[in-house]
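Student: Fold the stuff below for me.
(2 chains)
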There are 2 protein chains.
Amino acid sequence: MLVKHHYLSLDPYMRGRMNDAKSYAQPQKLDEIMVGGTVGEVIASKNPNFKAGDQVVGFGGWQLYSLSNGRDLQKIPPLGLPIQAFLGTLGMPGVTAWYGLKKIIAPKPRETIVVSAATGAVGAVVGQLAKQAGAIAVGIAGGPEKCKLAVEEFSYDLCLDHRAADFADRFKAALPNGIDGVFENVGGQPLELSLRRLNAFARVAICGLVASGYDGTPTPIRDIGFLLTTRSKIEGFIVSDHLDLWPQAIQELSSLATAGKLKWRETIAEGLDAAPAAFIGMLKGANVGKQLVKLA
Amino acid sequence: MLVKHHYLSLDPYMRGRMNDAKSYAQPQKLDEIMVGGTVGEVIASKNPNFKAGDQVVGFGGWQLYSLSNGRDLQKIPPLGLPIQAFLGTLGMPGVTAWYGLKKIIAPKPRETIVVSAATGAVGAVVGQLAKQAGAIAVGIAGGPEKCKLAVEEFSYDLCLDHRAADFADRFKAALPNGIDGVFENVGGQPLELSLRRLNAFARVAICGLVASGYDGTPTPIRDIGFLLTTRSKIEGFIVSDHLDLWPQAIQELSSLATAGKLKWRETIAEGLDAAPAAFIGMLKGANVGKQLVKLA
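Tutor: This is a model prediction of the structure:
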């Protein structure tokens, strides 16, 4: 099969692949096509399950076309949703949000859930799912514009700007009843502040440490004694370990999207040449919502 | 009811109660009887469920007798087991071992489980339960005598002396296949070493931080990035949160003990006056197995 890529997805996990270190995935090999999720259109097919014109999602990598035997491709269901959503809210980032929130945090009504990178491709979904579960969703984002977006578009009850000089004080003041769940995408100071305010039996899902971990800056915990006094758990997860749950997650997310109950934003770079700068920008928080590269 | 105490239990949680800090339990109040588990004999009873001569386990505190309405007392089943075992292997420490191992670590056959304070009242039970689950049990203890005991009495496959000068090297050499579960009673350097060698999907149960936490010395984690790369979890627990499971746990442990499949050791101080020194000694690792005070 020959597939023409319409969009390439840029995701924080790619930064991890660029480290030559033991991890859950092999490092990206030099002089090979950089890994990446893609949506596009089948141009020609010798696979009887696909025909020219089919819209598909897969891992075609940072290139304009890819060859495939079809095993790593999924057809995009004809729901009238934009195909690039299957790289974001209805794809890997959306399933990541769904898994971490539903399977690790499992919020109960009126619990307080803190989400970092609240307007990112993952965080925007976490906030909306947390509210639908009856929880109080508190976002953390960089800058007043993102915070406004988190509240107005993504259902957060409130959102705190981690770039504000008085962030630590505001954080404390905003959480008088403590924290029952943390969906962590960033690491660093916001996570440290969250861990200090955990209630009994809190659940902390570590999804990413984009601001601190990928560049080798550690995210420390000064004292794990709080795990004992609060009987909390901290758990790291990678959504690709749970492929068995993807169909359920995508079905639930697509139903919400079709019903207008799930919103998202995209930041789109034009052309493959723009991908490296867009990727670096994303790691620094320059994007709003899902970072995509338009290829065709 | 008037109960005469035969044994008082000394447990690490008591040290936490002596801190004036937010925790899962209220601090011990000054000028009141210090809290503590006790076994003894009913001397007189106006409660129809108990009669003089009944053997009971409860929380009578650091004193020779206690008054009770019976609500906080359990009758000791007539299995021919020594009554003080219901303060140790068949009581709170045993249930603690059972809960942390079975409900948090849940070892699978051939997995490697590391247990600190391996000859303590809790650790001795963890090692034997881990072996019965088909896992490889690696103990950590202070001194060659305790390590010998861990292997010869408590079923550990091997035991490492954390006081040895080359402990870190031995630890690494002893765990060529990494670690799938950690039952942590101590904190400090051994825990740091364990966290560096976790396999994918490892489970770390934080039961106590006796060596580092109770005196205010923190147990830090330098970088939580490993939680993401290994998709592991760290969870603190307190056995008194799970009272619903105590009958099941004590029934299972008593069956093993009656069948001769569960061994334990005791260190017994004589008389209430000896309790403070025995308590301080226990926090420093001077005891072997369950630390008790004989009162009658």
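
Student: and the stretch 151-296 of chain A, which residues reach chain B?
Tutor: Residues of the stretch 151-296 of chain A lying close to chain B by CB under 8 Å from any CB of the partner chain are A:187, A:200-201, A:206-209, A:213, A:218-238, A:241. From N, CA and C alone the C-beta is placed, and that goes for glycine too.

Student: For PyMOL, what selects the buried ones among these?
Tutor: Buried members of these, defined by 16 or more other CB atoms under 10 Å in any protein chain shown, are picked up in PyMOL with:
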select buried, chain A and resi 187+206+207+208+209+213+219+220+221+223+224+225+226+227+228+229+230+231+232+233+234+235+236+237+238
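
Student: Which of the residues of the stretch 151-296 of chain A next to chain B fall within helices?
Tutor: For those, the ones inside helices are A:G225, A:F226, A:L227, A:L228, A:T229, A:T230, with DSSP state H as the criterion.

Student: which residue packs closest to the third one, ignoring adjacent ones?
Tutor: On the basis of CB to CB, 6 or more residues apart in numbering or on different chains, the spatially nearest residue to A:L227 that is not a chain neighbour turns out to be B:G236, at 3.5 Å.

Student: which residues does the one you found bridge with?
Tutor: With DSSP bridges as the criterion, B:G236 is bridged to B:I206.

Student: So which residues of the stretch 51-200 of chain A form helices?
Tutor: A:92-99, A:123-132, A:144-152, A:167-174, A:189-196 (DSSP state H, counting those that start in this stretch).

Student: got the CA coordinates for the fourth one in PDB?
Tutor: What follows is helix A:167-174 as a C-alpha-only set of coordinates in PDB (Å, rounded to 0.1, in the frame of the first residue of the first chain):
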ATOM      1  CA  PHE A 167       2.200  30.900  41.400                       C
ATOM      2  CA  ALA A 168       3.000  28.900  44.500                       C
ATOM      3  CA  ASP A 169       0.800  31.100  46.700                       C
ATOM      4  CA  ARG A 170      -2.000  31.100  44.200                       C
ATOM      5  CA  PHE A 171      -1.700  27.300  43.900                       C
ATOM      6  CA  LYS A 172      -2.000  26.900  47.700                       C
ATOM      7  CA  ALA A 173      -4.900  29.300  47.900                       C
ATOM      8  CA  ALA A 174      -6.800  27.600  45.100                       C
END
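
Student: what about the residue positioned nearest the centre of chain A, distance to chain B?
Tutor: Note on chain A: the residue nearest the mean C-alpha position is A:V122, at 2.7 Å, using CA atoms, centre = their mean. According to CB to the nearest CB, to the nearest Å, A:V122 and chain B sit 14 Å apart.

Student: Repeat that for A:Y7.
Tutor: Distance of A:Y7 to chain B, given as CB to the nearest CB: 26 Å.

Student: just to revisit the earlier point, the residue nearest to A:L227: what's it in contact with?
Tutor: A:I224, A:F226, A:L227, A:L228, A:T229, A:T230, A:R231, A:S232, A:K233, B:I206 (CB atoms under 8 Å, 6 or more residues apart in numbering or on different chains).

Student: Quick one: the strands in the stretch 51-200 of chain A, in order.
Tutor: Assigned by DSSP state E, counting those that start in this stretch, the stretch 51-200 of chain A shows strands spanning A:55-58, A:65-67, A:74-75, A:112-116, A:136-141, A:158-161, A:179-184, A:198-206.

Student: did I read that right, A:L262 in a strand?
Tutor: No - read with DSSP: H, G, I helix; E, B strand; the rest coil, A:L262 is coil and lies in no strand.

Student: Report how many residues lie close to the closest residue to it other than its chain neighbours.
Tutor: Counting by CB to CB, 6+ apart, A:L262 lies nearest to A:L256, which is 4.0 Å off, once chain neighbours are set aside. Around A:L256 there are 19 other residues, counting by other CB atoms under 10 Å in any protein chain shown.

Student: A:L256 against A:I250, yeah?
Tutor: No - A:L256 lies out of contact with A:I250 (CB atoms under 8 Å); the separation is 10.8 Å.

Student: Quickly find the element holding the residue nearest to A:L262.
Tutor: Using DSSP states H and E, the element containing A:L256 is helix A:246-258.

Student: In the helix or strand just after that helix, which residues are buried?
Tutor: The first helix or strand that comes after helix A:246-258 along the chain, using DSSP H and E, is strand A:266-270. Of the residues in strand A:266-270, A:E266, A:T267, A:A269 count as buried by neighbour count, 16+ other CB under 10 Å.
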